[in-house]
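> the amino acid sequence is not available; the structure is as follows:
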């Protein structure tokens, strides 16, 4: 889970502050020294950390804070505000021209950052917003790069323009824009070639495209797991060719995450999206306030609701709501809910977005494979057993256990969990409708 280590360290620091009735200047300085170490260990840029701590200290060591009834909470609020400010205050949209004009976006970055996959996902996002995007294969060097873009484009239902690997990227870009103009595409996204490291020929190629094509936005894709290197790469690309924004990938890995806290401050350019997984919905719009909230262990309920609204079938949700009210839901509904949960992403990341859950999940092993046993048990039931669990007697349980390859105790455990979930869900009925979710209410599937 992204920022797990940093989040844990910061929460421990703040727990100590909140435990004190009054704070002295020495208390604040000691706490901020620990915050500084936690940020440096997370690979946040040293100058960024130095300025951040200085700014927090100036605001935290004041009469208003020291004499407050909740000085610890006030310090946390100051840290939160400064962190949001550090990452850019507000969410930044990718700038697009009116839909009757063609917006040209040039994607750039080093090899291995996930640029081609991210480029296709971005096209998928534009398609969802009613645009007609065209992906352009300008990487003529890396083996199978064109094929990779075509496969990813197909996943998003987006057209791909290619001339093979025998042409100069700048000529491919020009031909693609001409093709877009004739076929009513209004967003052209150039997937340019990367290198294992920054070199002059790559920069010259990107500059040649910018000089010969009306590039409206230049977007850099960087790998969050490379930490401070991601910041250095961003700074280099910005100084050489000029970038309009950054997409940070692989933030779902066991990453120190320092790049997310450093890029805006070092380059002056915003983070536009963050990559949190393989699916289209895992390319999330970057909100500085939500990211600060995640890092400080306050959860991110708004992103969780957006994921739910994007992935959960509203018709099925309404049908389930009726069943819950009447206490009629069954194991088929249980299976369906598990599928909906999978669509939303990893269980630990989802639960980690709930306020206060991050620290509680620290030592909990939550593997998405944990549901496979449950799924096997349910799929070993007959249609009648799934729709009417009351008919499952001891001999049926024995057969189900054998079919799923588990001990009969696991079947008993699932049925018991199902019955208790059924009671709980009846009490919580009505909280899964689209309207309620928009009001900020959200319910997790069956007892999770």
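Thanks, I have it. These numbers were taken from a predicted model, which means no experiment stands behind them.
> quick one: the helices in the stretch 151-300 of the chain?
Remark: helices assigned in the stretch 151-300 of the chain by DSSP state H, counting those that start in this stretch are 169-182, 200-212, 228-240, 258-267, 288-295.
> residue 7 - that's part of a strand, no?
No - counting by DSSP: H, G, I helix; E, B strand; the rest coil, residue 7 is not part of a strand but helix.
> right, and it touches residue 294 too?
Yes - with contact defined as Cβ atoms under 8 Å, residue 7 reaches residue 294; the gap is 7.2 Å. In this view, the C-beta of every residue, glycine as well, is placed from N, C-alpha and C.
> ok, residue 338 touching residue 374?
Yes - the criterion here is Cβ under 8 Å, and residue 338 meets it with residue 374 at 7.2 Å.
> and the residue nearest the centre of this structure?
Among the residues of the chain, the one closest to the centroid is residue 276, at 3.6 Å (Cα atoms, centre = their mean).
> quick one: contacts for the residue nearest to residue 73 when sequence neighbours are not counted?
Counting by Cβ to Cβ, 6 or more residues apart in numbering, residue 18 is the residue found nearest to residue 73 once chain neighbours are left out, at 6.4 Å. Residue 18 makes contacts with 70, 72, 73, 76, as judged by Cβ atoms under 8 Å, 6 or more residues apart in numbering.
> just residue 166 next, same as before
residue 140.
> look up how far residue 173 lies from it.
As judged by Cβ to Cβ, to the nearest Å, residue 166 and residue 173 stand 15 Å apart.
> do residue 45 as well
From residue 45 to residue 173 the distance is 33 Å (Cβ to Cβ).
> and residue 282, by the same measure?
In terms of Cβ to Cβ, residue 282 sits 28 Å off from residue 173.
> go on, residue 214?
Distance from residue 214 to residue 173, by Cβ to Cβ: 10 Å.
> repeat for residue 58
48 Å.
> neighbour count winner among the two?
Counted by other Cβ atoms under 10 Å, residue 58 and residue 173 do not tie: residue 173 has more neighbours, with 25 against 11.
> so what's that one up against?
104, 136, 138, 190, 209, 212, 213.
> what strand or helix carries the residue of the chain most remote from its centre?
Ranked by distance from the centre of the chain (Cα atoms, centre = their mean), the top residue is residue 395, with 45.5 Å. Per DSSP states H and E: residue 395 is located in helix 394-404.
> same deal with residue 135?
strand 133-137.
> could you list the residues in contact with that strand?
119-120, 123, 126-127, 145-146, 149-150, 153, 158-163, 172-173, 176, 179-180, 183, 185-191.
> show me which of these are buried.
119-120, 123, 126-127, 145-146, 149-150, 153, 158-163, 172-173, 176, 179-180, 185-191 (16 or more other Cβ atoms under 10 Å).
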